[in-house]
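Peer 1: Mind looking at a prediction? Sequence and model below.
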Amino acid sequence: MAPSIYTDETPDDVKNAKGLHLLTMNTPNGQAVQILLEELKEAYGLEWTTTLINIMTNDQKKDWFLRLDPNGRIPVLVDNTANPPFTVMETSAEMLYLVKFADKNDTFGFKDEKERNQCLQWTFFWHGSGAPYQGQVNHFSGAAPEKIEYAINRFKNETLRVYGVLEIQLSGKYTGEEREYLAGNGKGKYSVADIKTWPWVKGWERTGFSEEEMKPFPHLKKWIARIAERPAVQKGIGDDYVQK
Ligand SMILES: N[C@@H](CCC(=O)N[C@@H](CS)C(=O)NCC(=O)O)C(=O)O
């Protein structure tokens, strides 16, 4: 028999969860999965339970956590409806698992294979080329014990370059047609690609960018505001996910 993914040290709310269970913290990576779950709840009545992790106390590096995610980072999704329970690490993989699991009408994805692939392109783009850079800006300008100007500038410039890529896509600079969302035909459709990207980009001010630096990205700023209006988005970044 395969060893259990749970041990005596696993918190009871994780170990006793019956259905989908999310281990998260209210950071941009956590928020991406939180928002998708809230959207799926609104669209289909999906249910899940949540354990809030405090990454400041390094719960995510403990042995019980590493059994669920050897990478020791939030968020992690556990599907206890599978036998044995199935664990998913990495936000984008968790989101793709969730749409397969629950989004029967492709409300947050696409039926058409080319549009579906566009959604993957933009999801991967942010996962590989956005989040890591903006994360390093936050690290080198906030957390690092010494301020290394080269590192701060390098990651700031790279993040701004990536914002510029999103701006090209949304402005329709090379297609002649403005878009409302990153993936999909025509003006696009709100999808996993937007949900993956938005929690990071909406935090541009917190990351330390000025209004002046954001001036070249008017379509991106409108996209931030458009998505912020969604009730499930507000719920997905809201008080339910703040450790009391
Ligand atoms: N590539 C991972 C990144 C996850 C990640 O970096 N999570 C951060 C919080 S936003 C974390 O757990 N940091 C704590 C640590 O590094 O120990 C994903 O997309 O899920």
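Peer 2: Sure, I can see it.

Peer 1: got the contact list for the spatially most central residue of the chain?
Peer 2: Using CA atoms, centre = their mean, the residue of the chain that lies closest to the mean C-alpha position is Ala32, 2.8 Å off. Neighbouring residues of Ala32 by CB atoms under 8 Å, 6 or more residues apart in numbering: 75, 91, 95, 195-196, 198-199. The way it works is simple: take the backbone N, C-alpha and C, and place the C-beta from them, glycine included.

Peer 1: what does Gln121 give?
Peer 2: Taking CB under 8 Å, 6+ apart, we find Gln121 in contact with 183, 193.

Peer 1: That one is in what secondary structure piece?
Peer 2: Taking DSSP states H and E as the criterion, Gln121 maps to helix 113-129.

Peer 1: SS state for Thr87?
Peer 2: Taken by DSSP: H, G, I helix; E, B strand; the rest coil, the conformation at Thr87 corresponds to strand.

Peer 1: Look at it and say how many residues are nearby.
Peer 2: 19 (other CB atoms under 10 Å).

Peer 1: Distance check, it against the ligand.
Peer 2: In this structure, Thr87 lies at 13 Å from the ligand, with CB to the nearest ligand atom, to the nearest Å as the measure.

Peer 1: Could you give the average pLDDT over stretch 53-73?
Peer 2: Mean pLDDT, computed over stretch 53-73, is 97.

Peer 1: Which positions within it qualify as buried?
Peer 2: 53, 59-60, 64-65, 67-69, 72-73 (16 or more other CB atoms under 10 Å).

Peer 1: next one: phi and psi at Cys180?
Peer 2: Residue 180: Glu, not Cys. phi -100, psi -30 (degrees, to the nearest 10).

Peer 1: Make 58 the first number, not 1, from now on.
Peer 2: I'll keep to 58 as the first residue from here, and by that count the last item is Glu237.

Peer 1: Apart from its chain neighbours, what residue comes closest to it?
Peer 2: Lys244 (4.6 Å; CB to CB, 6 or more residues apart in numbering).

Peer 1: Please, which helix or strand holds that neighbour?
Peer 2: Here Lys244 is assigned to no helix or strand, by DSSP H and E.

Peer 1: quick one: contacts for it?
Peer 2: If you count contacts by CB under 8 Å, 6+ apart, Lys244 has them with 234-238.

Peer 1: want to throw those residues into JSON lines with distance to the ligand?
Peer 2: As requested, the contacts of Lys244 are exported to JSON lines (distance: CB to the nearest ligand atom, whole Å):
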{"residue": "Glu234", "distance to the ligand": "31"}
{"residue": "Glu235", "distance to the ligand": "29"}
{"residue": "Arg236", "distance to the ligand": "24"}
{"residue": "Glu237", "distance to the ligand": "25"}
{"residue": "Tyr238", "distance to the ligand": "21"}
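
Peer 1: The chain: helices as residue ranges?
Peer 2: Counting by DSSP state H, one finds helices in the chain at the ranges 69-72, 85-101, 120-123, 148-159, 170-186, 188-195, 206-228, 249-258, 261-264, 268-271, 275-285, 288-293.
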